[in-house]
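>>> Need the 3D shape of this:
(one chain, ligands or ions: 1)
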Amino acid sequence: MLLSTPLGGQISIERFIAMLQRPKFPRSISLVTAMLAALFLSACSPAKVETAPTPLPTPTAIPTAAATSIPIPTTIPTAVATRVEDIMQKPLVTDSYTADPSAHVFDGKLYIYPSHDLDHDNPPSQNGDQYDMEDYHVYSMDNLQSWPVDHGQVLHVKDVPWATKQMWAPDAAFKNGKYYLYFPARDREGLFRIGVATSPSPAGPFVPQAEFIPGSFSIDPCAFIDEDGQAYLYFGGLWGGQLEKWQTGKFDPNGVEPDDDQPALGPRVAKLSADMLSFDGPLGEVSIVDEEGQPLLADDHMRRFFEAAWVHKYNGTYYLSYSTGDTHYIAYATSQSPTGPFTFRGYVLKPVPGWTTHHSIVEFQGKWYLFYHDDELSGIDHKRNMKVTELTYNADGSIQMIDP
Ligand code: FUB
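So this is what the prediction gives:
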């Protein structure tokens, strides 16, 4: 059978299927997709579909149903244009290393703001020197059945006047008709600070402010805007993230975590000013308590906050989720207030391959998703790949733990 192409040429169905199966076509094209594509071409000019004068040998790769009895559709199947793929729990980007994915829905589209791990071999240290990143890319997705689109480099450390290195986990927000990218990096004294950059587009590029946010420190900013329009910035991370060195309000290079029987350190939270560029009022410390209302203690490494705070709201309840660091879980706690205290509820994600774990939770097209990372592509802690999977709430608002 010959098929007419939209440009007026003709092609045998065997040749067309063989074209689709060439390695240069991205990722695996299933036979079903091939069938749909053949039907699409047929539908473009059904009148020109001809039967070859002599019967061709039956090709082994062509499903007989495609060659014979499937009726030509009267409407063009749109699924052919965007190939439907199962992307759940697979590396979303394979041509570079991506981590710490912060996902948001802006204008009906899903945008991901990850860290960009570089392909280097710096030796690991407890200080996190191996996480030596210098720029950000933004990715977007129209749906969760096709791979993300890379919008390219949107900010580089050389363009940030106050920053010197280690552009770690960022987050983004939309307000006042502008998009804000919050990001940590080391300043000229080697201290982690949090900066902000702005753009008229969610896909960047972003223009940084000349200075870091006054009063900011440590890492892993998470921007949350409540239903009343008030924006909050959560941040903080232990060890390489330096949070334990800021307990007095000033940087103490000798600062350590509290004694085992003392309350664990919590992430910091501040209201953001109306222009989203500075803190509005004092910093608070988010308290995470057990079911009796007692603060989690510093030696409770299975439950205490380590880094990677993420706040979202579900059915009127605030959810704070975070990494437990050296025990490698994503845990969560809930509250009726955005500033806590939050009551520990359980785990969102079991440990993944690689030392770090970092995530975001977002609702998109009627479902809830967890974006996270592991090191499947490289097997190396600091060369990570982001992934996504569906998230399920139980009727009581608890989250079903994901075992990836
Ligand atoms: O990506 C660098 C750091 O690793 C992040 O800031 C932490 O949350 C951890 O994922």
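>>> How many residues are close by residue 143?
For residue 143, the neighbour count with other C-beta atoms under 10 Å is 12. Any C-beta I mention is one placed from the backbone N, CA and C, and that applies to glycine too.
>>> What is the least confident helix or strand in the protein?
helix 64-67 (a mean of 32; mean pLDDT, DSSP states H and E).
>>> The next helix or strand after it packs against which elements?
Per DSSP states H and E, the first helix or strand lying C-terminal to helix 64-67 is strand 97-106. Under the contact criterion of 3 or more C-beta pairs under 8 Å, 6 or more residues apart in numbering; DSSP states H and E, strand 97-106 touches strand 109-117, strand 171-175, strand 359-364, strand 367-374, strand 385-391.
>>> and of those strands, who's closest to the ligand?
With C-beta to the nearest ligand atom as the criterion, the ligand lies closest to strand 109-117 of the helices and strands packed on strand 97-106, at 4.4 Å.
>>> what are the pairing partners of the next helix or strand after the closest one, and which direction each?
Next helix or strand after strand 109-117 toward the C-terminus (DSSP H and E): strand 135-141. Sheet pairing of strand 135-141 (DSSP bridges) gives strand 109-117 (antiparallel), strand 149-156 (antiparallel).
>>> Now the last one: average pLDDT?
Across strand 149-156, pLDDT averages out at 98.
>>> in the following helix or strand past it, what's buried?
Per DSSP H and E, the first helix or strand lying C-terminal to strand 149-156 is strand 163-165. Buried residues in strand 163-165, defined by neighbour count with 16 or more other C-beta atoms under 10 Å: residue 163.
>>> quick one: strand 163-165 to chain centroid distance?
23 Å (C-alpha atoms, centre = their mean, to the nearest Å).
>>> list the helices and strands that strand packs on?
Judged by 3+ C-beta pairs under 8 Å, 6+ apart, the packing partners of strand 163-165 are strand 178-187.
>>> Recalculate using a threshold of 10 Å.
Judged by 3 or more C-beta pairs under 10 Å, 6 or more residues apart in numbering; DSSP states H and E, the packing partners of strand 163-165 are strand 178-187, strand 192-199.
>>> The shortest one to strand 149-156, inter-axis angle?
Between the direction of strand 192-199 and that of strand 149-156, the angle (axes from the mean of the first three to the mean of the last three C-alpha atoms, to 10 degrees) works out to 120 degrees.
>>> What strands flank the next helix or strand after strand 192-199, and is each parallel or antiparallel?
Next along the chain after strand 192-199, taking DSSP H and E as the criterion, comes strand 207-208. Using DSSP bridges, the strands paired with strand 207-208 are strand 192-199 (antiparallel).
>>> Distance from the chain centre to the partner strand, please.
Its chain's C-alpha centre lies 18 Å from the corresponding centre of strand 192-199 when counted by C-alpha atoms, centre = their mean.
>>> The residue positioned nearest the centre of the chain and the ligand: what is the separation?
Nearest to the mean C-alpha position of the chain, counting by C-alpha atoms, centre = their mean, stands residue 101 at 2.5 Å. Here the criterion is C-beta to the nearest ligand atom, to the nearest Å. By it, residue 101 lies 10 Å from the ligand.
>>> Cool, thanks, signing off.
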